[in-house]
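A.B. asks: test case, fold it:
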Amino acid sequence: MAQLIGGLLDAIRAEYLAHEWDGLRPSHIRVLSAVPDRGVSITELAARVGMTKQGCGQFATTLVGSGHLTESRGADRRTRLVTRTPRGDRTLERFSGVMDALEGRWRVAVGERRYATFRAVLSELAAPPTGSAEGLPPG
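C.D. replies: Numbers count the residues shown, from 1 in each chain. Modelled structure (predicted):
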């Protein structure tokens, strides 16, 4: 299974690299896409993307420098908040279009019904675990 998923990730990576992203890596896009419209603290953003606060802060600094995010301070002045800029929004819209086109090719390759099933199962498997405190399914 790891090889199969790896093959899909390779296809996604190849599609990404076929376009110019102003020096942004896929990991930058992942962080950028986790910033809600209202903005977010670096601590919350790090939790959303599964990174350390320090690592996420470095990514945010890069994205501020490239004009994809702006930063401000929270009410207590210790909290660093980031918000997407119009450039960040355009980059995400463009990325979404590139990924939609790739999914469209996959949908054509296997058929609408099979692709819908694949997407539903993938969404289910990628969802956070539910159930007991150990993350195990109930029962």
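
A.B. asks: do you have the helices of this protein handy? List them.
C.D. replies: Ranges of helices within the chain are 2-17, 26-33, 42-49, 53-65, 86-110, 112-126, based on DSSP state H.

A.B. asks: how far does the third one sit from its chain's centre?
C.D. replies: Its chain's C-alpha centre lies 12 Å from the corresponding centre of helix 42-49 when counted by CA atoms, centre = their mean, to the nearest Å.

A.B. asks: now swap in the fifth one and tell me
C.D. replies: Once both centres are worked out by CA atoms, centre = their mean, helix 86-110 turns out to sit 13 Å from its chain's centre.

A.B. asks: would you reformat the helices of the chain as JSON lines and include mean pLDDT, distance to residue 80 and mean neighbour count?
C.D. replies: The way it works is simple: take the backbone N, C-alpha and C, and place the C-beta from them, glycine included. Putting those into JSON lines (pLDDT from 0 to 100; distance: least, CB to CB, whole Å; neighbours: other CB atoms under 10 Å) gives the following:
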{"stretch": "helix 2-17", "mean pLDDT": "94", "distance to residue 80": "28", "mean neighbour count": "11"}
{"stretch": "helix 26-33", "mean pLDDT": "95", "distance to residue 80": "14", "mean neighbour count": "18"}
{"stretch": "helix 42-49", "mean pLDDT": "95", "distance to residue 80": "5", "mean neighbour count": "18"}
{"stretch": "helix 53-65", "mean pLDDT": "96", "distance to residue 80": "7", "mean neighbour count": "17"}
{"stretch": "helix 86-110", "mean pLDDT": "97", "distance to residue 80": "16", "mean neighbour count": "14"}
{"stretch": "helix 112-126", "mean pLDDT": "95", "distance to residue 80": "29", "mean neighbour count": "11"}
